[in-house]
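Enquirer: Okay, structure incoming, though there's no sequence with it:
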């Protein structure tokens, strides 16, 4: 029987991964400045990360050969979530996309309840409400929700649903090692990106070898570290708690934009960021329940 990690380690690791994701705009903007469109960056970066993880997938084959369904689901759901988010960010308004994407905590809590039998107590409902309300204010309040629903909105909304579903599958099957699940997620993102590029969805990107190596380095180092930290943390805590802590990505992105890019927050945005911090603190300081070591019910048992 595996020894569970120290109670607060998954929280620290997940928050570290969220900070890395919140800072991802730095390398992405730089790579875009080199001439790489979003889907091309996603395809190359996820392909590189998947290639680096293939040896781990092979070594762990005895642990997943008879449990291929979770890996296939991770590849499909996780791959779609990453590509849908990239497409929404490319073709839509960033603020509107973020509002719809950050309904993620609600999907995570509800999915954890429906599929894993996780209990939703008053504190968790309060954290969900604070996180969603905070994201709403940080991203502009009611002004962010004006306008007709478009296909981009659907992509942003389903990206949040997809990431929540991916996190649920990661947690639901505790027998398949995290590196194998990460490999499936990376290869899923690469495969879907490659299909979209082949279908001509994205304008053709002219690849120059030195610049392409920068994209590969982003995938092999930054993307790998952020994804591994996030998914390891998700695997070792309740899906509902993880979905709320991941909102730290939004806070990091806003804070880094202020410090590095010179952007400033309005009073309403400060109010929203405070609510998100409060939600994160509620989840981070809760006593660890026995349910967090293993989910009460797993669809893959």
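Expert: Done, it's in. Only a predicted model underlies this, so the values are computations on that prediction, with no experimental measurement involved.
Enquirer: how far does stretch 121-135 sit from the chain's center?
Expert: Averaged C-alpha coordinates place stretch 121-135 at 19 Å from its chain's average position (C-alpha atoms, centre = their mean, to the nearest Å).
Enquirer: If we go by neighbour counts, what in it is buried?
Expert: 124, 127-128, 130-135 (16 or more other C-beta atoms under 10 Å). Heads up, the C-betas are built off the backbone N, CA and C, glycines and all.
Enquirer: Stretch 224-240 too?
Expert: 224, 226-240.
Enquirer: Next, format the buried residues of stretch 121-135 as CSV and append secondary structure and pLDDT.
Expert: Rendered in CSV, the data for these read as follows (DSSP: H, G, I helix; E, B strand; the rest coil; pLDDT from 0 to 100):
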residue, secondary structure, pLDDT
124, helix, 78
127, helix, 79
128, helix, 79
130, helix, 83
131, helix, 77
132, helix, 79
133, helix, 85
134, helix, 78
135, helix, 73
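Enquirer: Just send the residues you listed back as JSON lines, with distance to residue 150 too.
Expert: Below are these laid out as JSON lines (distance: C-beta to C-beta, whole Å):
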{"residue": "124", "distance to residue 150": "32"}
{"residue": "127", "distance to residue 150": "31"}
{"residue": "128", "distance to residue 150": "26"}
{"residue": "130", "distance to residue 150": "29"}
{"residue": "131", "distance to residue 150": "25"}
{"residue": "132", "distance to residue 150": "22"}
{"residue": "133", "distance to residue 150": "24"}
{"residue": "134", "distance to residue 150": "25"}
{"residue": "135", "distance to residue 150": "20"}
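Enquirer: hmm, which two among these are most spread apart?
Expert: Spanning the widest gap among these are 124 and 135, at 16.5 Å by C-beta to C-beta.
Enquirer: Residue 222 - nearest residue in space that isn't next to it in sequence?
Expert: Spatial nearest neighbour of residue 222, excluding adjacent residues (C-beta to C-beta, 6 or more residues apart in numbering): residue 27 at 5.9 Å.
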